[in-house]
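Student: return a 3D structure for these sequence lines:
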Amino acid sequence: MPERLTQNRITSDSSRFSLREEAFNLVKGEDGFYADKVTKEKFSKIDSTARPEFQKLAALILKGVINVSDIIKVGNNYYSHVQDFENIRSSNTNIMAEMQSDIIIIETVLEDNDHTFGDSFRFVPGEDSNFEVHNLRIDRKNGKLNFFDFGPAFPEEMYTGKENLSELEALLEENIMSDEFNIYFIKEILEKKIKILLSLYKESDFENFKKIIQKSGVKLKKDEQMILFYNIRLRLKALSNVLSRLES
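Tutor: You can find the predicted model right below:
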């Protein structure tokens, strides 16, 4: 029986994806979602044109640091887990600060700028304090948050050429100091998450990173894998450097 899916927590443990995907038996329901016959967990099918392998790689890399929807492969298809907020533990941090810090990490590490928020939260009927913005869900009252859909993640340039630290720092400084984010509001939790990610993907951990790529199904040559690993680490280092220069 597949293990029940729960929220990913910030942890020093990488919490690698370990679901036995072959055990799932998904059936499409009238609501358009796919449900496992045993656990009743719901999943959304990912279109084959939406780069599902790269989406799974994104989820594997962020798992345990950001609450992302797990992605499974059943047969030849990929599915994104539809999290039940009733089964998610409340965050012990300010949920709005966590949301903004997570968006910055997703934009920085994945080159995915498709997760947004604003003042015009769209109300979800039947979910009193749950609101859906673009590619994330947030329950502000109960401190719960979930990210999904990483289709734009890891564009080709991220694994075909090494990036420059100073150029990244300049771009990141301009981005995080924009009106979109209150960087001083989120600085502490952002620094904490970056530190964890850097500890998970140390320079000596390339072999483990290769295993994550293999698990995701992404097909990259060894030199492309090395470049992607290098650029992810460089982006985290650049973000850490920019934050360290800010006054508290």
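Student: for Glu53, give me its contacts.
Tutor: Under the criterion of Cβ atoms under 8 Å, 6 or more residues apart in numbering, the neighbours of Glu53 are 78, 216-219. (Each C-beta comes from the backbone N, C-alpha and C, glycine too.)
Student: quickly name whichever of those residues is closest to Met158.
Tutor: Among the contacts of Glu53, Val218 lies closest to Met158 (Cβ to Cβ), at 11.7 Å.
Student: list the contacts of that closest one.
Tutor: Counted by Cβ under 8 Å, 6+ apart, Val218 has contacts 53-54, 56-57.
Student: now the residues you listed in TSV, with pLDDT?
Tutor: Formatted as TSV, the contacts of Val218 follow (pLDDT from 0 to 100):
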residue	pLDDT
Glu53	97
Phe54	97
Lys56	96
Leu57	97
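Student: can I get the buried part of those residues as one ChimeraX selection?
Tutor: Buried members of the contacts of Val218, defined by 16 or more other Cβ atoms under 10 Å, are picked up in ChimeraX with:
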select :53,54,56,57
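Student: and which of the contacts of Val218 is nearest to Asp84?
Tutor: Using Cβ to Cβ, the contacts of Val218 come closest to Asp84 at Lys56, 20.6 Å.
Student: test my guess that the closest one contacts Asn77.
Tutor: No: contact between Lys56 and Asn77 fails when scored by Cβ atoms under 8 Å: they sit 11.8 Å apart.
Student: how about low-confidence regions in the protein?
Tutor: For the chain, applying pLDDT under 70 flags the ranges 1-22, 118-132, 179-180, 248.
Student: from the chain's centre, how far out does the longest helix along the chain sit?
Tutor: In the chain, taking DSSP state H as the definition, the longest helix is helix 222-244. Centroid separation for helix 222-244 versus its chain: 16 Å, with Cα atoms, centre = their mean, to the nearest Å.
Student: same check on stretch 176-184?
Tutor: 20 Å.
Student: got a list of contacts for it?
Tutor: Against stretch 176-184 from outside (Cβ under 8 Å, 6+ apart): 100, 103-104, 190, 239, 242-243, 246, 248.
Student: what's the closest of those to Gln225?
Tutor: Leu239 (21.7 Å).
Student: state the distance from that closest one to Tyr78.
Tutor: According to Cβ to Cβ, to the nearest Å, Leu239 and Tyr78 sit 29 Å apart.
Student: who has more neighbours out of the two?
Tutor: Leu239 (27 against 24; other Cβ atoms under 10 Å).
Student: so what's His81 up against?
Tutor: 5, 41-43, 69-72.
Student: just the buried residues from the residues you listed, in ChimeraX please.
Tutor: If you want just the buried ones from those in ChimeraX, going by 16+ other Cβ under 10 Å, the selection is:
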select :5,41,42,43,69,70,71,72
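Student: thanks a lot, see you next time.
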